[in-house]
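[1] What follows is a predicted structure for the sequence shown.
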Amino acid sequence: MKSSSNRRRFLIDAGLALGAYSLHAYPRAASAAIPSNANVITPFAFGAKGDGRADDSAALNAAYAHARQQRVSAISLCGATYRVTRGIYARGVSTHGEGATLIATLDGARGGAAFEWGGSGNFVRDVTFDLSNSSKTDMHGVLNAVDDARNQRFENNCIIGRTTGATPRQSNIFGAWFMGTGLAGLFVSNNQFESVSYGVQINNQRGTAGDVRSAPLGRPSAHIHIVGNVCIDASIGVNTPHIACSNVVVQGNTITARRLAMDLPLNIAHVTDIAVVGNTVASNASSANGTLHVEDATGAITIDGNVVTVLARNNGIQVGTRASVSGDAPERRKVVISANHIEGSGASSGSAGILIPDAETVDSVIANNAIHRFAEGITVVSRCLVQGNVIAACGVPLRVSRDSLQAGNLIG
């Protein structure tokens, strides 16, 4: 009898356990009431339709607000399509898009951003941001303005701008814009940006007249990685005057100009210790800025293995360490420009394949590059080593100082 009683007790307990498991493994449709200890929050519990037609602005903001209040680290967008007519405030909460689409039509004149996020350990993954601006005023698409955050990630997303500005040079929607200071570890990787003139911008400045020397905007940032992104009519920029932004890696990105005029498609300024490696970059605007442009930069500057295509009158790779607006750069630093393929437009004047225009950039190494169809192949005003380059169809192949060293260059 005792053995039979124990067996019945075991079967009852097992059945109760299986029933409890089933309730968790196969949940019913989410209700408006979310338990405070819920591990997963979705906008559907707050009234979202996710059909791409109903306005889900309130439901999305309520979901993020609830997650912040309950200290839930992330929400899931469940791969649905949400239409919004006002900005979504997602700060302090990570986002699992799971293939979701956010269709946003906003008025840029009202300020704000379509989607604002950020915070230590936060990420945004697998979301398509489909953005339209009903105003002629510029609008931020996806904004991160959090200071002193660590280990933030923006990965596997797509930002599409549907409206462009009054001039052909600029879209009036910006892509992924980061303006926080004191950052430690920021990864922007494997995203696609289309028709958002500033695809990725790490930007800390106070307009063109702000005195960043006497009033820096914040603490130093370090370890910025912009890797594997595709930019179509969208640029990549790091511009951090007097923030002492260091250890920046820009690697394996593709920047293509199609409809918008791209003047500075890849621009890095006021940064120390930089690696620009393995990118494919094209410009299609006539200027003297350079397609791959580095200025007021210090430390180890390595520009290696990039494919640079100039479709109008412009320079290919342009580098300078002269202190400019911020006064950050010391007088002498080393630059290595190697193994790049640089193709010009064939302009008869005003273009150089590689240009170092200031006397402060001393003892640069320019080696093993292939340069084709520029007015000038390599132009450097300070002492440098120029070795093993192939220069073809350039009016003036080499223009370097008398104390520079030249060896093994092939001129065609």
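    Now that the structure is in, tell me what you want to look at.

[2] Let me know whether S364 touches V335 as I believe.
    Yes. S364 is in contact with V335 according to Cβ atoms under 8 Å; the separation is 4.3 Å. Where C-beta positions appear, they are placed from N, C-alpha and C, glycine not excepted.

[3] shared neighbours, these two?
    Residues touching both S364 and V335 (Cβ atoms under 8 Å, 6 or more residues apart in numbering) are V319, I356.

[4] Can you list the strands that the helix or strand encompassing N151 pairs with?
    In the assignment (DSSP states H and E), N151 maps to strand 150-155. Sheet pairing here is set by DSSP bridges, and for strand 150-155 it gives strand 123-133 (parallel), strand 184-189 (parallel).

[5] got the buried residues for that strand?
    Neighbour-count burial for strand 150-155, counted by 16 or more other Cβ atoms under 10 Å, picks out Q152, R153, F154, E155.

[6] Nearest residue to the second one in space, ignoring adjacent ones along the chain?
    The spatial neighbour of R153 that comes closest, neighbours along the chain excluded (Cβ to Cβ, 6 or more residues apart in numbering), is F123 at 4.0 Å.

[7] V249 contacts H225, correct?
    Yes. Using Cβ under 8 Å, V249 is in contact with H225, at 4.9 Å.

[8] Under a three-state scheme, what state does A59 occupy?
    Following DSSP: H, G, I helix; E, B strand; the rest coil, the label given to A59 is helix.

[9] Can you give me the distance of the residue nearest to I301 when sequence neighbours are not counted to H341?
    Among residues not flanking I301 along the chain, V335 sits closest, at 4.5 Å (Cβ to Cβ, 6+ apart). Distance, V335 to H341, using Cβ to Cβ, to the nearest Å: 18 Å.

[10] Also G199?
    In terms of Cβ to Cβ, G199 sits 22 Å off from H341.

[11] Have a look at these two and say which one is more surrounded.
    Shown here are G199 and H341; by other Cβ atoms under 10 Å, G199 has more neighbours (32 against 16).

[12] correct me, but the more buried one touches I236?
    Yes. Using Cβ under 8 Å, G199 makes contact with I236 at a distance of 6.0 Å.

[13] quick one: common contacting residues for those two?
    N229, I255.

[14] Which SSE is immediately downstream of the lengthiest strand in the chain?
    The strand that spans the most residues within the chain, counting by DSSP state E, is strand 94-106. Sequence-wise, the next helix or strand beyond strand 94-106 is strand 113-117, with elements assigned using DSSP H and E.

[15] could you check the angle strand 150-155 makes with that next one?
    Using axes from the mean of the first three to the mean of the last three Cα atoms, to 10 degrees, the direction of strand 113-117 lies 130 degrees away from that of strand 150-155.

[16] my guess is D107 meets S135, correct?
    Yes. Under the criterion of Cβ under 8 Å, D107 makes contact with S135 at 4.8 Å.

[17] Name whatever forms a beta bridge with the residue nearest the centre of the chain.
    Nearest to the geometric centre of the chain sits V200, at 2.9 Å (Cα atoms, centre = their mean). Here V200 sits in beta bridges with A176, I236, as judged by DSSP bridges.

[18] Next one: it from I160, what distance?
    In terms of Cβ to Cβ, V200 sits 15 Å off from I160.

[19] go on, A176?
    12 Å.

[20] Among these two, which residue is more densely surrounded?
    Neighbour count, other Cβ under 10 Å: between A176 and I160, A176 has more, with 29 against 21.

[21] Am I right that the more buried one is in contact with F187?
    No. A176 is beyond contact range of F187, at 11.5 Å (criterion: Cβ under 8 Å).

[22] shared neighbours of these two, which are they?
    Joint contacts of A176 and F187 (Cβ under 8 Å, 6+ apart) are F154.

[23] contacting residues around the residue nearest to R153?
    A74, S94, T95, Q152, R153, F154, E155.

[24] Tell me what angle the strand holding N151 forms with strand 94-106.
    Using the same axes, to 10 degrees: strand 150-155 against strand 94-106 is 60 degrees.

[25] Can I get strand 150-155 in PDB? Just the C-alpha atoms.
    Listed next in PDB are the C-alpha coordinates belonging to strand 150-155 (Å, rounded to 0.1, in the frame of the first residue of the first chain):
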ATOM      1  CA  ARG A 150      29.900  51.500 -22.000                       C
ATOM      2  CA  ASN A 151      29.600  48.700 -24.600                       C
ATOM      3  CA  GLN A 152      26.800  49.900 -26.800                       C
ATOM      4  CA  ARG A 153      25.900  48.100 -30.000                       C
ATOM      5  CA  PHE A 154      24.000  49.000 -33.100                       C
ATOM      6  CA  GLU A 155      24.000  45.900 -35.200                       C
END
